[in-house]
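**Student:** Turn this into a structure:
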Amino acid sequence: MAYDRYVAICRPLHYGTLLGSRACAKMAAAAWASGFLNALLHTANTFSTPLCQGNTVEQFFCEIPQILKLSCSDSYLREVGLLVVSACFIFGCFIFIVVSYVQIFTAVLRIPSEQGRHKAFSTCLPHLAVVSLFLSTGLFAYLKPPSLSSPALDLLVSVLYSVVPPTLNPLIYSMRNKELKDALIKMISWKFFSSGSITISLHK
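**Tutor:** You can find the predicted model right below:
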């Protein structure tokens, strides 16, 4: 999405060439391959870790810190290695997003009209909102001080960074679609007025 916004704003005349079906397929394949590799490494490590304190985690998925609490082997170095690999993936994506948006904002600030700048910024806001939500909740989950750690808080934070961003993702991007916004407003107003008419008729 960062590259898409960069091409759309900084190189609009080359959009069709730089973001054709082949380029999109390559980017999707790279994202899927890196995600699959990361998941495969963590899954293999999880199944090779001996557990001596039962096999029940206080989460809705097998998160690494919770599995380490149940482990009876010294798998610290192995887990650190996997976390370093994951951090490299995340850091690489983060640097790419930052570099893209630095160039985007530089180009937008050179647009003479305020309306043009507003329109360009509004195309970037959905992506920035999703990325900011995911990064802030994810960083809090893994970097919060031990004094703040509790089973309930860990579960809540895990839900925030693993469930909320993917759920809100299509909603945030779709809100730029005028037809969808009109349909949503119409549906809400219909629900509101229909429930109001039902209440009135019941009182009568």
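
**Student:** What values do phi and psi take at residue 51?
**Tutor:** Dihedral pair for residue 51: phi -110, psi 130, per degrees, to the nearest 10.

**Student:** Tell me where the model's unsure across the protein.
**Tutor:** Low-confidence segments of the chain (pLDDT under 70): 53-55, 58-65, 73-77, 79, 146, 172-181, 184, 191-204.

**Student:** repeat that with 90
**Tutor:** 1-25, 27-28, 30-32, 34-94, 96-98, 100-101, 104-204 (pLDDT under 90).

**Student:** Strands along that one, start to end?
**Tutor:** Along the chain, no segments are classed as strands by DSSP state E.

**Student:** Which secondary structure elements does the longest helix along the chain sit against?
**Tutor:** In the chain, assigned by DSSP state H, the helix with the most residues is helix 76-109. Using 3 or more Cβ pairs under 8 Å, 6 or more residues apart in numbering; DSSP states H and E, the elements in contact with helix 76-109 are helix 2-10, helix 21-47, helix 64-70, helix 114-143. All C-beta atoms are positioned from the backbone trio N, CA, C, and that covers glycine.

**Student:** buried ones in the last one?
**Tutor:** Along helix 114-143, the positions that meet the burial threshold by neighbour count (16 or more other Cβ atoms under 10 Å) are 120-121, 124, 126-131, 133-135, 137-138, 141.

**Student:** Compute the inter-axis angle for it and helix 76-109.
**Tutor:** 170 degrees (axes from the mean of the first three to the mean of the last three Cα atoms, to 10 degrees).

**Student:** now the angle from helix 114-143 to helix 2-10?
**Tutor:** Orientation check (the same axes, to 10 degrees): helix 114-143 against helix 2-10 gives 160 degrees.

**Student:** For helix 114-143, which helices and strands make contact with it?
**Tutor:** With contacts taken as 3+ Cβ pairs under 8 Å, 6+ apart, helix 114-143 sits against helix 2-10, helix 76-109, helix 151-162, helix 164-174.

**Student:** out of these, which comes closest to residue 38?
**Tutor:** Of all these, it is helix 76-109 that lies closest to residue 38, at 5.7 Å by Cβ to Cβ.
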